[in-house]
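**Q** sequence and predicted structure are below.
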Amino acid sequence: MPVLNRIAAYADEMKAWRRHLHQHPELQFDCHETAAFVTSRLRDFGVDEIHEGIAKSGVVAIINGKQQGPTIGLRADMDALPMTEVTGLPHASTVAGKMHACGHDGHTTMLLGAARYLAETRNFAGRVALIFQPAEEGGGGAGVMVKEGVLDRFGIEQVFALHTSPNTPVGHFATTTGPIMAAVDTAWVRIAGRGGHGAMPHETADPVVAAIAMINAVQTIVSRNHMATKDLVISVTQIHAGTADNVIPDEAWFCATIRTFDKEVQAMVRRRFDEIVQGTASAFGVTATLDYQMGYPATINDPARAAFAAEVAREVSGPAAVEADATRAMGAEDFSYMLEARPGAYLFIGQGDGPGLHHPGFDFNDEVAPVGASFFARLVERAQPAG
């Protein structure tokens, strides 16, 4: 079964919604205008309940089906990124330094499209909870919504989400059972030494060489401290020290991002990071402090729900357009908090060739929105059939 005819009929309206959202990006938890736009559309559709102000600017809408039954949750993220857009498109961001470079405008539009269809047809049992979430990009808005009791408050038993995938054919789906995206942690290391003249290093305790030694040593965590068959990435992404070519500074600092899937591996990396930092600091006669921040957990699909979601995707896009055992990604996603609390699945949906996510030239492909909306709608109808 292809894109639902009713959803295809208002594809142009969905394009207009998406482009409006793209022009008016908001960051983190400050998605109040986006939420107001969402709630206005939901009221037009005639949903049964709208709950606002969750996790500051999040929205949950409820649509009742034709008969009693369980509640299924569908989630879309709403926030943008602190970036300057360079697309030059007529619908480019109108807000300096902010843009939708990760497709959240499209995610919100796909869920709105499904909401309109489900409110019209109600061809399902129980309820659907439409979750419009702020602060995926670094704020952990999904975790905040879980802590505020969204899943319990609305009796949500399972949850699903979509994310656009550049350079994947339009309308193709990809998912996998088990882990699909990594946990992300960040290590900040500050080194205090004793600076001095660059011509007389023997009179200093050089934090620069200590930092370099630490950076080299933490790479051995990947190569020597963990099993090669378990995915692990450690990337040092910043190093800062000094202000002049002939001055050894007093301080240096660096930071690293750590990506894992296995909690034991995650714990091992944290332990070894501290051992390397403190041991190296002692060896070089400096002091060091490690601020190791645990970020989003791994996004782990429930095997049964992932397999079911792949079946629904095949109905919408055809068997050849669905990869049900896709390679897991080392990126991170705060939908992981919802999947820790409830079984469900996270899928990628292809949007064709073009700039990648978090690129200043990125723009969501509007052709994809009816496909994603049809997937969400059929997911509800298949998961909770009426009659």
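**A** Good, I have the coordinates. Residues are numbered from 1 along each chain as shown.
**Q** got the buried residues for the helix or strand containing residue 34?
**A** Assignment of secondary structure by DSSP states H and E places residue 34 within helix 32-45. Counting neighbours by 16 or more other CB atoms under 10 Å, one finds that the buried residues in helix 32-45 are 34-35, 37-39, 41-42, 45. Any C-beta I mention is one placed from the backbone N, CA and C, and that applies to glycine too.
**Q** any weak-confidence spans in the stretch 101-250 of the chain?
**A** For the stretch 101-250 of the chain, no stretch has pLDDT under 70.
**Q** how about the helices of it, start to end?
**A** Read by DSSP state H, counting those that start in this stretch, the stretch 101-250 of the chain holds these helices, from start to end of the chain: 104-121, 141-147, 150-153, 207-224.
**Q** just the closest of the buried residues of helix 32-45 to residue 208, please.
**A** Taking CB to CB as the measure, residue 208 lies nearest residue 34 of the buried residues of helix 32-45, at 44.7 Å.
**Q** chain neighbours aside, what residue packs nearest to the closest one?
**A** Once its chain neighbours are removed from consideration, residue 34 has its nearest residue in residue 78; the separation is 4.8 Å (CB to CB, 6 or more residues apart in numbering).
**Q** and that neighbour, how far from residue 297?
**A** Computed with CB to CB, to the nearest Å, the distance linking residue 78 and residue 297 is 21 Å.
**Q** neighbour count: these two, which is higher?
**A** Counting neighbours by other CB atoms under 10 Å for residue 78 and for residue 297 shows that residue 78 has the greater number, 27 against 23.
**Q** and this structure, what are its domains?
**A** When the chain is parsed into structural domains using automatic domain parsing, the resulting residue ranges are 5-180+299-383, 183-294.
**Q** just the terminal-to-terminal distance for the last one.
**A** Its first and final residues considered, domain 183-294 spans 9 Å by CA to CA, to the nearest Å.
**Q** next: the longest one.
**A** Domain 5-180+299-383 has an end-to-end distance of 20 Å (CA to CA).
**Q** likewise for stretch 325-341?
**A** Its first and final residues considered, stretch 325-341 spans 23 Å by CA to CA.
**Q** how about stretch 41-57?
**A** Stretch 41-57 has an end-to-end distance of 16 Å (CA to CA).
**Q** buried ones in that stretch?
**A** Across stretch 41-57, burial judged by 16+ other CB under 10 Å covers 41-42, 45, 47, 54-57.
**Q** please apply the same query to stretch 94-103.
**A** Of the residues in stretch 94-103, those buried by neighbour count under the rule 16+ other CB under 10 Å are 98-103.
**Q** and if you look at stretch 133-140?
**A** 133-137, 139-140.
**Q** ditto for stretch 271-281
**A** Of the residues in stretch 271-281, those buried (16+ other CB under 10 Å) are 272-273, 276-277, 280-281.
**Q** closest one of these to residue 93?
**A** Nearest to residue 93 among those: residue 273, at 37.7 Å, using CB to CB.
**Q** state which helix of the protein is the longest.
**A** Taking residue count as the measure and DSSP state H as the definition, the longest helix of the chain comes out as helix 263-284.
**Q** give me the helices and strands touching the next helix or strand after that helix, please.
**A** Beyond helix 263-284 in the direction of the C-terminus, DSSP H and E gives the next helix or strand as strand 287-294. The elements that strand 287-294 packs onto, with contact taken as 3 or more CB pairs under 8 Å, 6 or more residues apart in numbering; DSSP states H and E, are strand 183-192, helix 263-284.
**Q** tell me what angle strand 287-294 forms with strand 183-192.
**A** For strand 287-294 against strand 183-192, the angle by axes from the mean of the first three to the mean of the last three CA atoms, to 10 degrees is 170 degrees.
**Q** now strand 287-294: mean pLDDT?
**A** Mean per-residue pLDDT for strand 287-294: 97.
**Q** closest to residue 92 among the buried residues of stretch 94-103?
**A** residue 99 (7.7 Å).
**Q** contact partners for the nearest residue to the closest one once chain neighbours are set aside?
**A** With sequence-adjacent residues excluded and distances taken as CB to CB, 6+ apart, residue 99 is closest to residue 85, at 3.9 Å. For residue 85, the contacting residues are 92-93, 99, 101, 360-361, taking CB atoms under 8 Å, 6 or more residues apart in numbering as the criterion.
**Q** quick check: residue 85 vs residue 117, distance?
**A** Taking CB to CB as the measure, residue 85 and residue 117 are separated by 31 Å.
**Q** could you do residue 244 as well?
**A** The gap separating residue 244 from residue 117 is 64 Å, by CB to CB.
**Q** more neighbours: which of those two?
**A** Legend: neighbour count by other CB under 10 Å for residue 244 and residue 117, higher for residue 117 (25 against 8).
**Q** isn't that one right up against residue 5?
**A** No - Residue 117 lies out of contact with residue 5 (CB atoms under 8 Å); the separation is 10.1 Å.
**Q** so what's residue 379 closest to, chain neighbours aside?
**A** residue 312 (4.9 Å).
**Q** which SS class is the one you found?
**A** Secondary structure of residue 312, reduced to three states by DSSP: H, G, I helix; E, B strand; the rest coil: helix.
**Q** quick check, pLDDT for it.
**A** 97.
**Q** swap in residue 14?
**A** Residue 14 carries a pLDDT score of 98 in this model.
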